[in-house]
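Undergrad: Got a sequence here, can you build the structure:
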Amino acid sequence: MKNLPESVFNHMYRLDAFSQWLGIEKLIAEEGFCILKMTVRKEMLNGFNVAHGAISYALADSAFAFSCNSYNRISLSIETSITHTKPIHENDVLTAESKLITQSNKLGTFQVVITNQNSDIVAVFKGICYRTDKILIEE
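TA: Below you'll find the model as predicted:
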């Protein structure tokens, strides 16, 4: 397959109604790395008129999932955490950059940094995935 990480992303995204609802756009999909972008909408705000923490978490979790699975081995999240560093507002354009930190045959550790349109870091996510032996798509 010419560009396996792109093919894996497209396959996963097509079946991922939640990432579609978020309005996620792929900027880059490579092995162990991806960059996603989305715009915060009014229905994503909480009672304090800032984005619900689950929105940045969901964006980071999607970036994590796409980068974990980019090797075409089905990988499942086993531990995640997020630190919210600045408030996120309606119409903010968020960019999530997920990159591999370390990987073994069975485990992968990734970091996702989310920035806004001003390049301010608004959240930092860490995820660990379990890498199965099953492939996602046939080459």
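Undergrad: for the helix ranked longest in the chain, packing partners?
TA: Counting residues, the longest helix found in the chain (DSSP state H) is helix 53-68. Helix 53-68 is packed against helix 4-14, helix 17-22, strand 33-39, strand 73-84, strand 93-103, strand 107-115, strand 121-135, with contacts defined by 3 or more CB pairs under 8 Å, 6 or more residues apart in numbering; DSSP states H and E. The way it works is simple: take the backbone N, C-alpha and C, and place the C-beta from them, glycine included.
Undergrad: again, only this time at 10 Å
TA: Under the contact criterion of 3 or more CB pairs under 10 Å, 6 or more residues apart in numbering; DSSP states H and E, helix 53-68 touches helix 4-14, helix 17-22, strand 25-30, strand 33-39, strand 73-84, strand 93-103, strand 107-115, strand 121-135.
Undergrad: For these, give me a markdown table that also has mean neighbour count, distance to residue 48 and mean pLDDT.
TA: Listed next are these as a markdown table, based on neighbours: other CB atoms under 10 Å; distance: least, CB to CB, whole Å; pLDDT from 0 to 100:
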| stretch | mean neighbour count | distance to residue 48 | mean pLDDT |
| --- | --- | --- | --- |
| helix 4-14 | 17 | 31 | 96 |
| helix 17-22 | 14 | 20 | 97 |
| strand 25-30 | 16 | 27 | 98 |
| strand 33-39 | 20 | 19 | 98 |
| strand 73-84 | 15 | 12 | 98 |
| strand 93-103 | 18 | 18 | 98 |
| strand 107-115 | 21 | 19 | 98 |
| strand 121-135 | 17 | 15 | 98 |
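Undergrad: Could I get the ones you listed in TSV, plus columns for distance to residue 67?
TA: TSV is the format used below for the helices and strands packed on helix 53-68 (distance: least, CB to CB, whole Å):
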stretch	distance to residue 67
helix 4-14	9
helix 17-22	13
strand 25-30	8
strand 33-39	5
strand 73-84	9
strand 93-103	4
strand 107-115	6
strand 121-135	9
